[in-house]
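**Q** coordinates for the following, if possible.
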Amino acid sequence: MKLDRMNGMKRTDYCGTLTKEKIGETVVVCGWVQRQRDLGSLIFIDLRDRTGIIQLAFDDATEKSVFDKAFALRSEYVIMAKGEVRMRSSINTEIPTGEIEIAVDELKVLGESLTPPFEILPDSKANEELRLKYRYLDLRRTPLKDNIILRHRITKVTRDYFDDNGFIEIETPTLIKSTPEGARDYLVPSRIHKGSFFALPQSPQMYKQLLMLSGFDRYMQIARCYRDEDLRADRQPEFTQIDLEMSFVEMEDVFAIAEGYVKRLFKEVLGADIKTPLPRLTYTEALNDYGSDKPDTRFEMKIKDISDIVENCGFGVFADTVKNGGTVRAINAKNASSVYTRKEIDKLTEEAKGIGAKGLAFIRWVEDEPTCSFSKFMTPEEMTAIYERLGMEKGDVALIVADKKNTVLSVLGALRLTVAKRLDIIPKQYNFLWITEFPFFEYNEETGNWDAMHHPFTSPLDECIPYLDTAPEKVFAKAYDLVLNGIELSSGSIRITDPELQAHMFRALGLSDAEAEQKFGFLTGAFKYGAPPHGGMGIGLDRLCMIMSEADTIRDVIAFPKVANSSELMSGAPANVDKAQLDDLAIAINLKEDKE
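**A** Down below sits the predicted model:
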């Protein structure tokens, strides 16, 4: 088919925006053919653009050359159509434009299409790998298209909010010096400085602190960040964060700005009312109650400690665990006995073992009396005390783990989520939560060192400073995370601005003065020229969009995402480069064979 030119013909309307108010008017629309229905003397075309679908009609009144063009159209052809808006004879209630159609009198075919590798349908059954390979086609589907448009709206409200609150948007470099920030850097070789490398930023952390020293007391940026780490449903090697920093503030000031932001964002984009101030839990409280530092608080099922009840019981697994410094804790799943049969509990046991537990004890209350995997070793008084501690009633199932505290909490935290999803008890709502008072250090069992849980510029709580050298496990930080529905949305802290305290902190982390100078000297040197107190945070834009769009993964809110092995299926990145390019960079490739 010979393609047409536009020849001055201009689009007047988008397909999905047409309404009954346009009846009798002549309009011009453009888009892709969703489908063609040939009824002999009548042809209907569903035309799709980013706003929706409109039906085009061709009938006995249509000029023959136009009718013949419509007959030849196939799915995904690009066309432009002109005609009069009229009522449809058969209303389609499934689309907003289902009451009207366009009686076409002029049709231009602007682009032909091969048969797509999958149908461009909202609920496409094509596997994700195929859709990612043809991502430009997948983005035509309504769910993905709507997610990308929602992301645009989120970023617009974001910029408006922070501008209204006195923040200045400033871009920071994407080619920076490699500094330790927790994950592997993506390195970029320098052609001019052969043998030297830039790194792509894991965050704008040091630059935004320098901006505070420069006098820009309120900074924000929708920043691209890069981390060479294993991927998950909510993680990509390149991601975007809403980055902000404020001078002359304490934690409460940062909280107030962040809470105002989420309140406005959810109201303007989703029409949802977020109640502020947001609830708070300390890191310790979150772990003890939910087994996670990013708990989903949309449902109860808190973890309960029963160590004091079973420490002298006849069940050796429990008693010996407590005697050896461990703990025995449980969750109670309300009204779960009909779902969690013994067979289903066996599946939970395997899951618990996969996470690190040695086993899983349970109480299942189906009849008048509960059945229990360990009751024959217990006194009636001990069992009654457990029922009361857990708030058990007929129909409930309790799951109990005995082990080291960290193992018990992580296992029960994971089982809590598994059970809640299986019981379908998680309501559709937005539960924000601040997690505060994180440990400053975390012990690295592989190296035997105490590492910074956040970055080394995080300020410790004032009352913890005396423990820096003597008891690192007692040092807590002015650090905070914002959690939404069990997903870490943001992380931030109040920063160290005292050069002496910063040097002390580096030494506590095992960095010599020379190492600290080599890695961070340009920042610590700046602190000697008048550093205001400051703090900030970075909010994960991808994760925020994922939650607000109810997408399954952040791949569904990113136009061109990577897959689990950090490759992009559509373009084939990463890819080999020719020897001349490598020679220009003084790089030789050494692929070591797997010796196993």
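**Q** before we move on, which element is residue 411 in?
**A** helix 405-423 (DSSP states H and E).
**Q** keeping just the C-alphas, turn that helix into CSV.
**A** The C-alpha atoms that make up helix 405-423 are tabulated as CSV, following Å, rounded to 0.1, in the frame of the first residue of the first chain:
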residue,chain,number,x,y,z
LYS,A,405,16.6,-13.5,68.2
ASN,A,406,17.5,-12.3,64.7
THR,A,407,16.5,-15.6,63.1
VAL,A,408,13.2,-15.8,64.9
LEU,A,409,12.2,-12.2,64.0
SER,A,410,13.2,-12.5,60.3
VAL,A,411,11.4,-15.9,59.9
LEU,A,412,8.2,-14.8,61.7
GLY,A,413,8.3,-11.5,59.8
ALA,A,414,8.4,-13.4,56.5
LEU,A,415,5.7,-15.9,57.5
ARG,A,416,3.5,-13.0,58.7
LEU,A,417,3.4,-11.7,55.1
THR,A,418,2.9,-15.1,53.5
VAL,A,419,0.0,-15.9,55.8
ALA,A,420,-1.7,-12.5,55.3
LYS,A,421,-1.5,-12.8,51.5
ARG,A,422,-2.8,-16.4,51.7
LEU,A,423,-5.7,-15.3,53.9
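**Q** what's the next secondary structure element after that helix?
**A** Following helix 405-423 in sequence, per DSSP H and E, is strand 432-436.
**Q** just checking, what packs against the helix holding residue 411?
**A** Under the contact criterion of 3 or more CB pairs under 8 Å, 6 or more residues apart in numbering; DSSP states H and E, helix 405-423 touches helix 283-290, strand 327-333, helix 342-355, strand 397-403. In this view, the C-beta of every residue, glycine as well, is placed from N, C-alpha and C.
**Q** and the longest helix for the protein?
**A** helix 142-164 (DSSP state H).
**Q** list the buried residues of that one.
**A** Within helix 142-164, the residues scored as buried using 16 or more other CB atoms under 10 Å are 144, 145, 147, 148, 150, 151, 154, 155, 157, 158, 161, 162.
**Q** also stretch 30-40?
**A** For stretch 30-40, a neighbour-count test (16+ other CB under 10 Å) marks 30, 31, 32, 33, 34, 35, 36 as buried.
**Q** so where is the stretch 351-500 of the chain shaky, pLDDT-wise?
**A** Applying pLDDT under 70 to the stretch 351-500 of the chain flags no residue at all.
**Q** residue 263 is in contact with residue 277, isn't it?
**A** No. Checked against CB atoms under 8 Å, the pair residue 263 and residue 277 is beyond contact range at 10.1 Å.
**Q** who has more neighbours, those two?
**A** Neighbours were counted for residue 263 and for residue 277 using other CB atoms under 10 Å; residue 263 has more, 18 against 11.
**Q** export only the CA atoms of the host helix or strand of that one, formatted as PDB.
**A** If you go by DSSP H and E, residue 263 is part of helix 251-270. The C-alpha coordinates for helix 251-270 follow below in PDB (Å, rounded to 0.1, in the frame of the first residue of the first chain):
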ATOM      1  CA  MET A 251      14.600  15.600  62.000                       C
ATOM      2  CA  GLU A 252      11.100  17.000  62.700                       C
ATOM      3  CA  ASP A 253      11.600  19.600  60.000                       C
ATOM      4  CA  VAL A 254      12.500  16.900  57.400                       C
ATOM      5  CA  PHE A 255       9.500  14.900  58.500                       C
ATOM      6  CA  ALA A 256       7.100  17.800  58.200                       C
ATOM      7  CA  ILE A 257       8.300  18.500  54.600                       C
ATOM      8  CA  ALA A 258       8.000  14.800  53.600                       C
ATOM      9  CA  GLU A 259       4.600  14.400  55.200                       C
ATOM     10  CA  GLY A 260       3.300  17.500  53.400                       C
ATOM     11  CA  TYR A 261       4.600  16.100  50.200                       C
ATOM     12  CA  VAL A 262       2.900  12.700  50.400                       C
ATOM     13  CA  LYS A 263      -0.300  14.300  51.600                       C
ATOM     14  CA  ARG A 264      -0.500  16.600  48.600                       C
ATOM     15  CA  LEU A 265       0.800  14.000  46.100                       C
ATOM     16  CA  PHE A 266      -1.800  11.300  47.000                       C
ATOM     17  CA  LYS A 267      -4.600  13.900  47.100                       C
ATOM     18  CA  GLU A 268      -3.800  15.500  43.800                       C
ATOM     19  CA  VAL A 269      -3.000  12.300  41.900                       C
ATOM     20  CA  LEU A 270      -5.200   9.700  43.400                       C
END
